[in-house]
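A.B. asks: Show me how the following folds:
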Amino acid sequence: SFSILDVAGGTGDISFRMAKACPSAHITVCDINKEMLRVGKSRAAKLGHHLTFQQGNAQDLHDIPSNTYDIYTIAFGLRNVTDVDAALREANRVLKPGGRFLCLEFSPHLVSNSALLQQLYNIYSFEIIPQLGRYVANDEDSYKYLVESIRKFSTPTELQTRMEQAGMNCCTHEMLTQGVVA
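C.D. replies: Sure thing, here's the model as predicted:
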């Protein structure tokens, strides 16, 4: 059996998939937002998942001893952390030696050299996403922030360097969906 820490995982989406794929794993969902954890806990109970839910800040996981987890995941949450480097150091600290840090994050730029594809991506990002936010959630500003936070975040290569500077070894990254996600 191995242990997984899913940071910024409040509603449990990633943890539920991991629990299904690895039923013997002990999975802890950690999020700074108590309400997100409440939603995740409720969803886990309805789905029959036995997960641990813990409130915590990715930048300061002081309640978690060093060398505790085999796997640390964070999906679409790292760019929202105020001090990314502190969060990376904490991830490295709570991982067991040889543990895996798995981060899924939006990338600020496409890998395609196609000017047309980049133009379509920009239109989608800056015009369509905020309009969808206004229409679906009555909140255009949050969706503008989403796009801006993606574009200001580190490139995958820069993030890999930051991971290495935080003490992680054997770091790699893989571009997905033409570089929208890495």
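A.B. asks: now the longest strand along the chain: how far from the chain's centre is it?
C.D. replies: Counting residues, the longest strand found in the chain (DSSP state E) is strand 95-104. Here strand 95-104 is found 13 Å from its chain centre; the criterion is Cα atoms, centre = their mean, to the nearest Å.
A.B. asks: Quick check on residue 6: phi, psi?
C.D. replies: In terms of degrees, to the nearest 10, the main-chain angles of residue 6 are phi -110, psi 100.
A.B. asks: show me the contacts for it.
C.D. replies: 12, 14-15, 18, 27-30, 73-75 (Cβ atoms under 8 Å, 6 or more residues apart in numbering). In this view, the C-beta of every residue, glycine as well, is placed from N, C-alpha and C.
A.B. asks: try residue 117
C.D. replies: By Cβ under 8 Å, 6+ apart, the residues touching residue 117 are 110, 178.
A.B. asks: Buried subset of the contacts of residue 6, written for ChimeraX?
C.D. replies: With 16 or more other Cβ atoms under 10 Å as the criterion, this ChimeraX line picks the buried residues out of the contacts of residue 6:
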select :12,14,15,18,27,28,29,30,73,74,75
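A.B. asks: Pick out the most distant pair among the contacts of residue 6.
C.D. replies: Farthest-apart pair in these is 28 and 75; separation 14.7 Å (Cβ to Cβ).
A.B. asks: Could you report the neighbour count for the closest residue in space to residue 146 that isn't next to it in sequence?
C.D. replies: Nearest residue to residue 146, sequence neighbours excluded (Cβ to Cβ, 6 or more residues apart in numbering): residue 129, at 6.7 Å. Neighbours of residue 129 under the rule other Cβ atoms under 10 Å: 17.
A.B. asks: now the helices: where do they sit in this structure?
C.D. replies: 13-21, 34-47, 84-94, 115-123, 129-137, 140-152, 156-165 (DSSP state H).
A.B. asks: can you redo the ones you listed as TSV with distance to residue 61?
C.D. replies: Below are the helices of the chain laid out as TSV (distance: least, Cβ to Cβ, whole Å):
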stretch	distance to residue 61
helix 13-21	16
helix 34-47	15
helix 84-94	5
helix 115-123	35
helix 129-137	30
helix 140-152	22
helix 156-165	16
